[in-house]
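Q: Need a 3D model of the sequence below.
(2 chains)
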Amino acid sequence: MNWLASDAGMVGKLIIKDWQVYQKQLAGYVAAMLLALGLVGMGTPMMAAAGALLLLVLLLVVGSYAIHSSITAERKQQTVPFIMSLPVTPMDVYWGKLLANLVIYLVPFLLVVAGLLALILTTPRPDGTVPWVVVVALFLLANFCVSLCVAIAVDSEGWNIFAMLVLMTLIGPFIYWVSRLDGIIQYLQTDDIVWSAPVLGIVAAELAVIAMAIFVTSWMHARKASFL
Amino acid sequence: MSSAIALKGVHKQYDGFALRDIGLELPAGQVMGLVGVNGAGKSTLLRVLMGLIRADGGEVEVLGQRLPQAQVAVKRDIGYASDDMRLYPGQTLRWHMDFIRRIYPGWDEAYAQDLLARFDLRPQQKLGGFSHGQRVKALLLLVFARHPRLLLLDEPTTGLDPVARGEVLEALADVLRDEQRSVLFSSHNTADIEQIADTITFIHGGGIVASRDKESFLESWRRILCQGEWTDGLRRLPGVVSARNSAPVIELKTSAFDGTTLPALQALGLAVHSVEPMPLEDIFVTTVRGGHNA
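A: Purely as a prediction, here's the structure:
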């Protein structure tokens, strides 16, 4: 069982290929995210709420778009045989697809998170919301990673959509829960950035979920002796 | 002479279909036509040769290396195009050419430009706007322009109009001028196979039913029309694959025509009226219907 790619250079070419294929659409999402960040930065509670909601929606949409376009749609469009005909192993294609999607998602994700943190830290808003932003952002990232791994591992479009919907429905309850969690709630209106035990525990759990999703999918792919 | 492809006892089992005991050899520099009906196992066999499918048993050697273990090294020297392969619809042909050029150091830009002109393709056009024929030609351009040692072409002319088919076959004939290049070309269009192949292989029901060089293939098959009394012994004559009694004419199709065939018929009291060579399509259909090895 081989977990590694046979040629890192080839994986890099596959990542660049996916980046080039989806960069125009991604640029559109990034532009919309900058607009949403601008709304958050305008200062009025109404605009900030609208901007934050728009950011959340855009992060969800860009993740779904990346997964749908680069995995599900490529299966339907039958571009996969073209890639398989290149001098690559199944693990090269797997790592190429996983890393390309992570790059495609992480660019807007990091832009949004960095933008939000910068807005919080450079404006009179309470700095105590920083841990809350990090916890929620990591939940969205974990959500994306699990959806991505399911899409890579499972060919069925129906199961992929189901997994994505289930994971998305968890976002609302999660935000509600962490906003009222002891260790977070008491600092939300203060300027103290406190990395309490519950915050660190949730961050650790989120990172573990991401690592586990990637580990399980990699294990499943490493067991494959051939493409088909 | 070394072998471009050597298969021994290769088998692969699926639900409802099996590739059975495939033994096949393609000497380097030869063109083999693989003929079979839809579902005969042509695509599965080509995927095994690309290392995309691992056979359940047997030995698969391509360009001197075992598959699927050496698939990366082997695929650097193979040009593979299949009927179900598509390019990225939102990207231009030029983008695809640049992508392939970055992967294969042997990319020949001058030859690619020549093929662009010959196939009448516009490099800045997106693949989504290409017709089926243009898509096939674009795919073959990407394959041919990197000069692979072995071409595996799975039904490349299927669905093409006569003009596009002629262009593709002409380009393929040019590629074949390089005597070191080997080609395995699958199709259910026997006319294409007959035009370019040195060796012909029939595959049916997951097994090889015939594999011989084209000249001896075509030389050994004959359709014989004769008159006389029908006997069941006619079916048992050596090489007779099909015998039909349409009194007063008897039609025989034999896969082993030689100097002894006509005397044997005359000895059975038959008067031979005509002996005709058979087109490859007729040979294939007769072989498949007869269930015999040709």
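
Q: Break down the chain into its strands, ranges please.
A: I went with chain A, as the question did not name one. Using DSSP state E, chain A contains no strands.

Q: Wait, chain B was what I had in mind.
A: B:3-14, B:17-27, B:31-35, B:57-62, B:65-66, B:78-82, B:150-154, B:182-187, B:199-204, B:207-213, B:222-227, B:240-246, B:249-254, B:271-277.

Q: State the pLDDT value of the closest residue in space to residue B:62 that isn't next to it in sequence.
A: Nearest residue to residue B:62, sequence neighbours excluded (CB to CB, 6 or more residues apart in numbering or on different chains): residue B:74, at 5.1 Å. All C-beta atoms are positioned from the backbone trio N, CA, C, and that covers glycine. With respect to pLDDT, residue B:74 has a value of 94.

Q: Quick one: neighbours of residue B:74, just the number.
A: 24 (other CB atoms under 10 Å in any protein chain shown).

Q: contacting residues for it?
A: B:51, B:62, B:63, B:65, B:67 (CB atoms under 8 Å, 6 or more residues apart in numbering or on different chains).

Q: what do you get for residue B:147?
A: Contacts of residue B:147 by CB under 8 Å, 6+ apart are B:106, B:108, B:111, B:178, B:181.

Q: Backbone dihedrals for residue B:247, please?
A: Dihedral angles of residue B:247 (phi, psi; degrees, to the nearest 10) stand at phi -40, psi 130.

Q: List the residues that contact the nearest residue to residue B:223 once chain neighbours are set aside.
A: Closest residue to residue B:223 apart from its sequence neighbours, by CB to CB, 6+ apart: residue B:276 at 4.7 Å. By CB under 8 Å, 6+ apart, the contact list for residue B:276 reads B:222, B:223, B:224, B:225.

Q: For residue A:182, state which of these is nearest.
A: Closest approach between the contacts of residue B:276 and residue A:182, by CB to CB: residue B:223, at 91.8 Å.

Q: Was I right to think that closest one contacts residue B:278?
A: Yes. Between residue B:223 and residue B:278 there is a contact under CB atoms under 8 Å: 5.3 Å.

Q: returning to that earlier point: could you redo the strands of chain B as a markdown table and give each row mean pLDDT?
A: Shown next, in a markdown table, are these (pLDDT from 0 to 100):
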| stretch | mean pLDDT |
| --- | --- |
| strand B:3-14 | 94 |
| strand B:17-27 | 93 |
| strand B:31-35 | 93 |
| strand B:57-62 | 95 |
| strand B:65-66 | 93 |
| strand B:78-82 | 94 |
| strand B:150-154 | 94 |
| strand B:182-187 | 92 |
| strand B:199-204 | 93 |
| strand B:207-213 | 91 |
| strand B:222-227 | 93 |
| strand B:240-246 | 88 |
| strand B:249-254 | 92 |
| strand B:271-277 | 92 |
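
Q: The stretch 101-250 of chain B against chain A: which residues are in contact?
A: B:102, B:103, B:139 (CB under 8 Å from any CB of the partner chain).

Q: who wins for neighbours among those?
A: Neighbour-wise, these (other CB under 10 Å) top out at residue B:139, 25 neighbours.

Q: Next up, the contacts around that residue.
A: Contacts of residue B:139 (CB under 8 Å, 6+ apart): A:82, B:81, B:85, B:87, B:156.

Q: Residue B:17: which of these is nearest?
A: Distances from residue B:17 to the contacts of residue B:139, taken by CB to CB, are shortest for residue B:85, at 20.8 Å.

Q: Read off the pLDDT value for the nearest residue to the closest one once chain neighbours are set aside.
A: Excluding the flanking residues, the one nearest residue B:85 by CB to CB, 6+ apart is residue A:81, at 4.3 Å. You'll see residue A:81 listed with a pLDDT of 92.

Q: From residue B:100, how far out is residue A:81?
A: 15 Å (CB to CB, to the nearest Å).
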